[in-house]
Each structure stands twice: as C-alpha cells, then as structure tokens.
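Novice: No sequence on hand, only this structure:
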C-alpha cells in the first residue's frame, strides 16, 4: 500500500478500493458502485443524521428525482449557477418530451413549487423537512471517490419561516446539529461565511464547514444557506399572517454529502488502512478466535462472547476457517474496525480478554467479567482520542501568513489579513492558487494589513486550495 | 370520502392523498412526492426487507442510477423488453454525451458488467446482493399512486450460482422470504409461473406473486426470475470450477416495489381510511388525552403511559392542544393506526386503560398493570386477523369459470382449464380483456376442457385484468 505521508492523493485513491468501500470500475466517470462495507458506513451516517433531524422536529420526505426545466429556471441566480452542470432528460422511450427534465443537482426547484401549495397560513410554519437521496452533477473536473463524484449521496434539509429572525435561529440550530454530527464523525472543521461571489446560487449568504485534508487542502463538508425571500418570491411561497397580511416565507437549507466519508478516510486513516470512529463503524469490535490447542473450547468461548456483546455493540465474529489469524488482523485493520478481540487458550485459562485498539495499536487486558464496561470505556476513549487528534492536527496545519511569499510557500491553508475586496482575492488566487474561503465565524478582530494591497483591515480570513 | 365498495378506484385515488401518503400534484405525470407519513411506511417496509435479507446472507450495495446504453443493450431480449420504456440522458451541461445513458428501469445491466469483474472462482459463489433504490419507467399507460408510477421505489436482489440446482434453491429461498414478508404486510397472494410471452425480458422463467385488489383485478406485487445463463453469457460472468473448467454462472433475481403499499391501502382500507397491519404501521398506538376535569392529571398520566410504552412499541402521544379528541380520532383512523388509547378521568380513577382496535372498532378495557402484555396480544391478534381476513376475501373473489360466458360475467379473477396455447389465451384476452396470469404453482391436476378450444387438458390457470 502507498504511504499516506509520501503521497496523500495516491494513498487515498488506493485505500477506498482496498478497504472495499467502493468500486471505481463502473463504466461511467465519477459514478462508483457502493460495496457492502462502504454502503454500511453511508447508511450509518444516514441513521445518525435521521436521529438528529428527528430530535429537532424535521420530517423526512422523498421528492422525485426529475425536475421540469421550466421549474428549474425560475430563480435567476440558481439556474445561472447550476445550469451548466446538470444531466438532461429529453427523451422517454422513443418520444421527445414536451418539457425537458433535469436530474436534481439539489432539490430547491423540485420542492418549492410544492411548498407554495402546502403553506397557507402562519400555522403551517415553520416547515422543516429533509431528505436523503442521490443528486447528480455533470462534473467536468477530475473526479475522486466521495470527494468529487457525479452521483452524490446527499442529505438536504429545507425550512420555511415566518420571519428573518426565525430563519436566523434555524441556521443557529443547524450549527448545533452540525457540531453534534461532527463529534460523531470525529471531524474537525472551520466555519466560513463564503464571499458573495462564492455563495450558493440563489442564497443571501452561505456558511460552509471546511475541514482540512492531510494534503493541506480544504474540503467543504457541510453547508448552511440562508435564502431570505429569494426563492419564495420566485416560487410564490406565501403565508397569511395573524393580521391577515400575505407574506413571503424566509427559507434556509442545510446540506451534507458523502464527502463526510472521504474526510473520515483521509483524516483518520493510516498506512494500514481505515481508522473508523466507533460511532460510525459498521462493526465496532471484531472477535478473532486463535485456534491453538483445544479448538472446541476456543470456538465456544468466542461464540459466547459474541452473543454476550452483540446486544450492546456492533460486533463481528470472524470464524472463517480458511483464513489465518494474521490475514484476519490485516483485513480488519484495513477496514478500520476500532477494536479487535483475540480469543486464545491463555486468555481463557486466565479468565481475561485481550483487546487491541486500532487507533493506538495498544493491547489491553481486561477481566472477563468486566468486558462490557471496559469496552464501552475504550470505545468512548477512541472516539474522544480521534476527535482530539484530528482537531489538533487540523489546527496545526493552519499557518498565519503575512505576505504573498509566505502564502506561496506551501499547499496548506493560511489565515491572513485581507481588505475584503474581490480584486485582492483574485490576486491571491492567481499568484498562489489559493481561494478566500470566507470570513471565519469566530474570528478575532486583530487589526493588520491586507497581504495584497497593504490596506489596514480587521478582516482575517482563511485561504486554501479547495478540493 | 368516497365509499370503497361503490367505486374502488376513486376511493383509492382519494385516500392515498387524504391519509397524507403522497402528494400527486408534482408537475410530472406519475412522479409523486412521498409525504412524511407515506415515506415512513415505505421505510418500515425497507427495514423489514433488509432484516429478511440479512438473515439470508444477502449483502446490501448501491449501484449508480445511470447505465451506458451499450451495456444496456447487451442482452437481446432485455433491450427488446425495456428499450421502449426508458428515460434517456443524452446531454450533460451543454455537451452531448459520447455514449447515451439511461435511467435504470431495473439494474441487471448496471450490475452484471461488475459481476464479471467480481467473480473469478467457485469460491466467489454464491454471490447474493440486493439494493433498495428508485427505478424509472417511461409509462405511457394511465398512472396510479404506488400501482403504476414512473419513479418506483424498488427492492431488487440479484444472485449468481455455480449450478442450475443452486439457482433453483435460491428461488425456493426467495419464496420462503416472500412468505414471511407477506405475513408482515398481511397480504395474500397467488404464485403464478408466467406464460413464456409474459416473462421478464431476458429470463428463462418468471414466477410472479399476484394479489387481488377489491376491484377484482390482480396486481403483481413481487417477482422471482430465473435467468439461467442468458445474462451471464451476454456479460461474460464466468467462474473457474474446482476442476479448473471455466463456466458461466446461473442467475436469479427477486423484486418487490412500492406496489406493496398500494396493495395494503387497497386491501385493508375501509371507508374511514387506512387500516395498517401492526408490523408496518409507523405508529402502532396513538395515545389521546381526553381533557375532562383535572387537566394536569390526565396530561401526566398520558405522558407516563407514553414513556412506559415507547420502548416496546411505536407509539405516538397526540397532545396537540388546538384539536378536539373527535378530530384526533378521525385523523388517526384515517391514517390507519392499529390501536387508540384514550386517557380520561374515569379510566384513571378505575385504574384501567381503554383500547380501541382500528380493524374491528372494538373497545377493550384492560387493567393498568397489564397494559403492556395486553397490547402485545392485541397487536398480534390484529396482525393475525388482517391476514386471515385478507386471505379469505381474496380466495372468495376467485371464481371457477367453465365457459367464455362465465369469464365475461365480471371483472374478477377466474380459475379455468386451458390447453396452454397462446392462441386460446389471445381469444380470452380479446373477448374478455382478461390475461392468463400463468400456471399456479400449487395447482390441482384435475382434468377438464380448455374454455376456448375444448381440448382436454390438466392445465388450470388464473386469468384476470391486471393493473
């Protein structure tokens, strides 16, 4: 296997297939087959999102994939932003369709004509829904598993509110949900309010969560958009207020995609393979019988432990006869299972269990009667450790830069002073390939000089070369 | 609301929207929006299928939606059967695609090029996978919610085997799975081996499960196909046997769609709305506080009961302030929740719980301390009752017919003697609109005379006007 530090991109491309997450050999560029192991990680992610959405009173729906082009083009900015990257359906059977259809690149224009039918009065608000579907983008850039694909596994929440204030509160709720979600994924992030020229097509403003991959390049892994009344005016989504007045609703969206899986692979993985956070691992524990001496006893004890643990953890008993323990160790390390338990004759004799941690390669011996409590503790500690390590690593990669020279020195993310003008952002982009990610949400307000024009400014911003 | 007996089709069309399963106002014919309640039923169905698939060692995958047309057209019969009813993607962004793509109408031609890469030796067999995705058909016939739509929520299992015998055993396993599944859906069915001219495009033979709707018309709700080596030869899916020989695999598929939901709506519903089998009901129980006298106590006791039940059942506490109990009764009856619990002052005083059954409109009073056990019993009894009632009703609708006159008398399904020729099947179709559903799998072998040509025959078959 490639070494992660040597060449992150090659290592990444190789590991997503080696660990059997996806198969890239499907005969359409950027459309991969989700293999059972990869798909089970995606489904675990979906389940976590569903729970967070249920807790915050969002209802799950499922809208059609196809969108009539006349609906798609109602919001001027939106069609400008997405028009060039959609797949078109213009023929059904042998007939030319009256109205061309597009494959959803995102579902605003599928949902909002229906919202205008659903919402009548203030009593119908807030409307909070979400769906988990695949969306489609005709990418012309280089594709990369999970990070840039043409069929994207996608979560999208859409809300409608009575007032600007309510929609702002929704964005705050989204940020809370996002925080909980990322703790479970063990992913660190920075929140950036994107510059106007880089916001979502049709939004008033966009807040993006960027993580930083080990290559130093930022990866957008979540977005929260405030639409104000841009879409509600285009789609006539109105409500009657308590005073009888007719008003346009205020809207927000919140989007997360399979890029999360790309980030988990890239950030936590090592030269032996994936390292999965316990919260998202399809199997949290694998039990491997070490057949030495009396086979019967070892098989029996492995089965007993499996039965005991399976109601509390996601556990796999690897009792395949035709593979050596060595091969199994290799295989489950590659797949990133957080804990490995080996059951051998000595452990049985001593009434202990030996547990190996995937994240630290530590071996821990625990008393047989304490195994459940100890495993819970160790899994929690792995989750905590991966979070801490990832945050620390991400922060260590962000370098302050005070000149173009410093910016050009490496591929990584910098924090800089910037006057706020598009002109200066363009200079940075042209000279270094780095883009302004936007205004950090929790910026310090220290004054400094714009790295390009030298103007005094209290704007600090992150820049980097996004995937 | 329409009366079900008077006009089944109108009743059906109305109830799917009244009960908030779907919204048909989406601006593309035959593509409906799944509303939260409808989608939660679909997801419950998916979950039941997933469990049955896991138990029988099928792995879940997810293949891309789009299929290159050159792959799609490799199996001659298949393209003949589906070519006229697919949606075509011929443009991405502003570019014409080199190879036109189709939206999967079913996934054989997406999966099998990959199977030919995955399968090397007999050790890779059997391959048993499934996916739950939406598929697309350019229907020109009249569409009807769940029963005939252009975007179809779809389950498809695909298997590869070393021998004909192994693939036959797979079909037997599918029939066992199907039986368990239908018990949970409380759906009765007849299994028909479709006539050759009506089998799946590319199959050696097709077994279809048909149920009968209250209109008397059959609805195909599940299929099991044996492909033999038809597809494996077209896609070069080969394995090396133990003796070193290279052989083509034998394949099967097993398909189930959202039609299941249409059947549940149609077969169990009544003039008050849906009647959901407890196994698939998003909520098995709704608790409605009846505010009389001391509000505090009633709210408290309702909440306590909810907390007590929620770990054992899917339960909803309807504590909406702005609706009367009468409205709530109406609403949850419409939505088909199996059990309603009303919490009023008298019940609290007498230390009992009153339970109303949706299926029989019975009211049952149980002791407060027995409530969990009793609910379990009643839910099991509802599931049993719905199964029995539905089977009995379906069987009562199948009429023996011995002449064309008897066949033409009504819209319903008949069991007839038939010589087996397509000519006679065509006569039946032309004169009555009824089609040969195929040879029943558990037919009695009583001799009789073909209703058309009078030839002596021991073939009995079902005929009807399929949806």
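Specialist: Sure thing, it's come through. Quick caveat: nothing in here was measured; it's all calculated off a predicted structure. Numbers count the residues shown, from 1 in each chain, chains lettered A, B, ... in the order given.
Novice: so residue A:175 sits in a helix?
Specialist: Yes: according to DSSP: H, G, I helix; E, B strand; the rest coil, residue A:175 belongs to a helix.
Novice: so it touches residue A:223, yeah?
Specialist: No: Residue A:175 is not in contact with residue A:223 according to CB atoms under 8 Å; the separation is 11.5 Å. Yep, even glycine has a C-beta here, placed from its N, CA and C like the rest.
Novice: overlap in contacts of those two?
Specialist: Common contact partners of residue A:175 and residue A:223 (CB atoms under 8 Å, 6 or more residues apart in numbering or on different chains): residue A:207.
Novice: where along the stretch 201-350 of chain A do the strands fall?
Specialist: For the stretch 201-350 of chain A, the strands defined by DSSP state E, counting those that start in this stretch occupy A:205-212, A:218-228, A:238-240, A:246-248, A:250-257, A:285-289, A:315-317, A:339-343.
Novice: Report all helices and strands that the first one contacts.
Specialist: Counting contacts by 3 or more CB pairs under 8 Å, 6 or more residues apart in numbering or on different chains; DSSP states H and E, strand A:205-212 is packed against helix A:164-185, strand A:190-193, strand A:218-228, helix A:371-397, strand A:435-440, strand A:460-464.
Novice: Out of these, flag the one nearest chain B.
Specialist: Among the helices and strands packed on strand A:205-212, helix A:164-185 comes nearest to chain B, with 18.3 Å by CB to the nearest CB.
Novice: which strands and helices sit next to that closest one?
Specialist: In terms of contacts (3+ CB pairs under 8 Å, 6+ apart), helix A:164-185 is packed against helix A:36-55, strand A:151-161, strand A:205-212, strand A:218-228, strand A:250-257, helix A:259-268, helix A:371-397.
Novice: Need the strands of the stretch 201-350 of chain A in CSV (columns: mean neighbour count, distance to residue B:291 and mean pLDDT).
Specialist: Shown next, in CSV, are those (neighbours: other CB atoms under 10 Å in any protein chain shown; distance: least, CB to CB, whole Å; pLDDT from 0 to 100):
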stretch, mean neighbour count, distance to residue B:291, mean pLDDT
strand A:205-212, 24, 44, 98
strand A:218-228, 24, 40, 98
strand A:238-240, 18, 29, 98
strand A:246-248, 14, 34, 97
strand A:250-257, 25, 35, 98
strand A:285-289, 24, 49, 97
strand A:315-317, 20, 48, 98
strand A:339-343, 22, 52, 96
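Novice: Any chance of TSV for those strands, columns distance to residue A:140?
Specialist: As requested, the strands of the stretch 201-350 of chain A are exported to TSV (distance: least, CB to CB, whole Å):
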stretch	distance to residue A:140
strand A:205-212	22
strand A:218-228	18
strand A:238-240	38
strand A:246-248	35
strand A:250-257	19
strand A:285-289	41
strand A:315-317	41
strand A:339-343	43
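Novice: Name the helix or strand of chain A that has the lowest mean pLDDT.
Specialist: The weakest-scoring helix or strand in chain A, judged by mean pLDDT, DSSP states H and E, is helix A:76-82 (a mean of 86).
Novice: List of residues touching that one?
Specialist: Under CB under 8 Å, 6+ apart, the answer for helix A:76-82 is A:72-73, A:105-106, A:108-109, A:200-202, A:230-231, A:234.
Novice: what's the closest of these to residue A:64?
Specialist: Sorting the contacts of helix A:76-82 by distance to residue A:64 puts residue A:109 at the head of the list, at 11.4 Å, by CB to CB.
Novice: Look at the closest one and give its secondary structure.
Specialist: helix.
Novice: which residue sits closest to it, ignoring its sequence neighbours?
Specialist: Nearest residue to residue A:109 in three dimensions, chain neighbours excluded: residue A:72, at 4.6 Å (CB to CB, 6 or more residues apart in numbering or on different chains).
Novice: which residues touch that neighbour?
Specialist: So residue A:72 contacts A:78-79, A:82, A:86, A:102, A:109 (CB under 8 Å, 6+ apart).
Novice: Beta-bridge partners for the residue in the stretch 151-300 of chain A positioned nearest to chain B, please?
Specialist: Taking CB to the nearest CB, chain B has its nearest neighbour within the stretch 151-300 of chain A at residue A:151, 5.4 Å off. Using DSSP bridges, the beta-bridge partners of residue A:151 come out as residue A:136.
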